[in-house]
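Visitor: turn this into a structure:
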Amino acid sequence: MKITRIDLWHVAVPLPAPFRPSWIPGMAQTENRFDLIRLTTSEGIHGWSAAPRMGAERSGLGALLGPYLLNERADDIASIRQRIREMSYLGWRIGWVEAACWDIVGKARNKPVYELLGGKPGKVKCYASTGTMRTGAERVPEVLARMDEGFEVVKLRVHADTLEEDCAQLIETRKGVGDTVKLGVDANQGWRVAVIGGAPKWDYDRALAFCRVAEEQGLSWVEEPLPNDDYEAMAKLRAATDIPISGGELNSQGLPEFKVMLGKKCLDWYQPDAVMTGGLSETYAIMKHITAAGAKYTPHTWTNGVGFAINLQVFAASHSRDIAWLEYPLDPPGWIPERRDAPLMTPWTHDKGMLELPTLPGLGFEIDPRMLRRYGKRYFVADKLRVSVRAVMDRGISEARALGAVRDARLEKRNAELEAAGGDPALDALKPLMPKELPASD
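Guide: Numbering: from 1, shown residues only. Predicted structure coming up:
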């Protein structure tokens, strides 16, 4: 299962209408943009992963990935994680790439990843996650439309300049839709973006005042009311309010950071996104630590169809699937499943707010090659010949041979270690990440 080829694409899927994400005020998004990676093994198995992009910020990534990942065993997750960690020292946070290896492992064993991680087939319930800022009067028909589609829970967005405007949306929406539907709300203060337009900046007092109103209106949770690295303020807010506080989607320091947050009791609901928080293995371990600490887990999924699939696998392997709703990004007319999930062969579609877990092996999707050709631009290919030629050009033939020999010796030694250890390299890599004690239900 050696990785023998790496392909990278910039993908830009046109949206049917401009989408104005509440978290980037002033931006009219006309495309769903992301970087897509495909790892190919010596057996011809393809593993895919993806991460959102703004422009061509990852254009130089391939030149680093080639020497680091080619000839590595795709099922040696511990070694893959180490290589990705090393690349982070050079400025690349690319934990999302690791999911492509899990895709390969699942396909090699003809099982969905969530089954490898202990989950079972079935259905999960979803909440409709809006993405655009609207007034209460505009929000009411939107929520009613989602209720007609079968959703029991809808997440609102607040990001107005004033506290009064944000609170007015909650009050008007609740009055207009009644008490039947459960409402959550996302303030998007965890990672404030003001690159185009100005963005409101909440302090503790504003967050507390907003949470009081949300509680009065019977909302089910308040998401990211404070910066995601202000642990003390988050813990203080959680202790001062009865409404559940959620967050953690872009806390990118991985398991060590979440251990700190759990220790300080920052949140009620933790929402790590495997694309953002260090990879699938890291997020699976984070999920287990959340459960062990007695907190609750449900992932952030608002990226693209591949990112949704990655987080779906972790969610499906958790006990939270029986008690929590999974985020289902939906904000027509701009953000719809067909464009959100392209170039997947089949978009992730719900049935009355329920989503059938995939039965396809790996991450559970297939890429449509015609759509990829239409929407994607391949910007990097690495295989043994290309990397060897580049090494010779950069370092000369003698130095390139010497470096290659050292690397080959390391890989040979590592492979011998894995053979001697037996077991399952992919699942064994998870064991050191697990909490020392798990609840009895685990």
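Visitor: you'd agree Leu280 is up against Pro272?
Guide: No - Leu280 lies out of contact with Pro272 (CB atoms under 8 Å); the separation is 10.7 Å. Where C-beta positions appear, they are placed from N, C-alpha and C, glycine not excepted.
Visitor: between the two, which is the more surrounded one?
Guide: Between Leu280 and Pro272, counted using other CB atoms under 10 Å, Pro272 has the larger neighbour count: 31 against 28.
Visitor: please look at that one and Thr283 and confirm they touch.
Guide: Yes - if you go by CB under 8 Å, Pro272 and Thr283 touch, sitting 5.0 Å apart.
Visitor: mind listing the shared neighbours of these two?
Guide: By CB atoms under 8 Å, 6 or more residues apart in numbering, Pro272 and Thr283 have these common neighbours: Pro299.
Visitor: which parts of stretch 23-38 are buried?
Guide: Along stretch 23-38, these residues count as buried under the neighbour rule (16 or more other CB atoms under 10 Å): Trp23, Ile24, Pro25, Met27, Asn32, Arg33, Phe34, Asp35, Leu36, Ile37, Arg38.
Visitor: what sits up against stretch 364-373?
Guide: 9, 11, 36, 38, 48, 112-113, 305-306, 309, 312-313, 342-346, 357-358, 360.
Visitor: quick check: mean pLDDT of it?
Guide: Mean per-residue pLDDT for stretch 364-373: 98.
Visitor: before we move on, back to that, farthest pair within the buried residues of stretch 23-38?
Guide: Pairwise distances across the buried residues of stretch 23-38 (CB to CB) peak at 34.6 Å, for the pair Pro25 and Arg38.
Visitor: tell me the mean pLDDT over stretch 147-157?
Guide: Average pLDDT, stretch 147-157: 98.
Visitor: got the CA positions of that stretch in PDB?
Guide: The C-alpha coordinates for stretch 147-157 follow below in PDB (Å, rounded to 0.1, in the frame of the first residue of the first chain):
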ATOM      1  CA  MET A 147     -39.400  22.700   8.700                       C
ATOM      2  CA  ASP A 148     -41.500  21.800   5.600                       C
ATOM      3  CA  GLU A 149     -38.500  19.800   4.400                       C
ATOM      4  CA  GLY A 150     -38.500  17.800   7.600                       C
ATOM      5  CA  PHE A 151     -35.800  19.400   9.700                       C
ATOM      6  CA  GLU A 152     -36.600  19.700  13.400                       C
ATOM      7  CA  VAL A 153     -33.600  22.000  14.100                       C
ATOM      8  CA  VAL A 154     -32.400  25.100  12.300                       C
ATOM      9  CA  LYS A 155     -29.300  27.100  13.100                       C
ATOM     10  CA  LEU A 156     -29.500  30.900  12.600                       C
ATOM     11  CA  ARG A 157     -26.600  33.300  12.100                       C
END
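Visitor: now find how far off-centre that stretch is within its chain.
Guide: With CA atoms, centre = their mean, to the nearest Å as the basis, stretch 147-157 stands 21 Å off its chain's centre.
Visitor: buried sites along that stretch?
Guide: Buried positions in stretch 147-157, judged by neighbour count with 16+ other CB under 10 Å: Met147, Phe151, Glu152, Val153, Val154, Lys155, Leu156, Arg157.
Visitor: contacts for it?
Guide: With contact meaning CB under 8 Å, 6+ apart, stretch 147-157 is reached by 22, 125-134, 139, 142-143, 146, 169-170, 173, 177, 180-186, 188, 220, 223, 325, 327-328, 350-354.
Visitor: just these: which are in helices?
Guide: Arg139, Glu142, Val143, Arg146, Gln169, Leu170, Thr173, Val177 (DSSP state H).
Visitor: in a markdown table, list those residues along with distance to Ser42 and neighbour count.
Guide: A markdown table is the format used below for these (distance: CB to CB, whole Å; neighbours: other CB atoms under 10 Å):
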| residue | distance to Ser42 | neighbour count |
| --- | --- | --- |
| Arg139 | 53 | 24 |
| Glu142 | 50 | 20 |
| Val143 | 51 | 24 |
| Arg146 | 47 | 24 |
| Gln169 | 55 | 22 |
| Leu170 | 56 | 23 |
| Thr173 | 55 | 25 |
| Val177 | 55 | 20 |
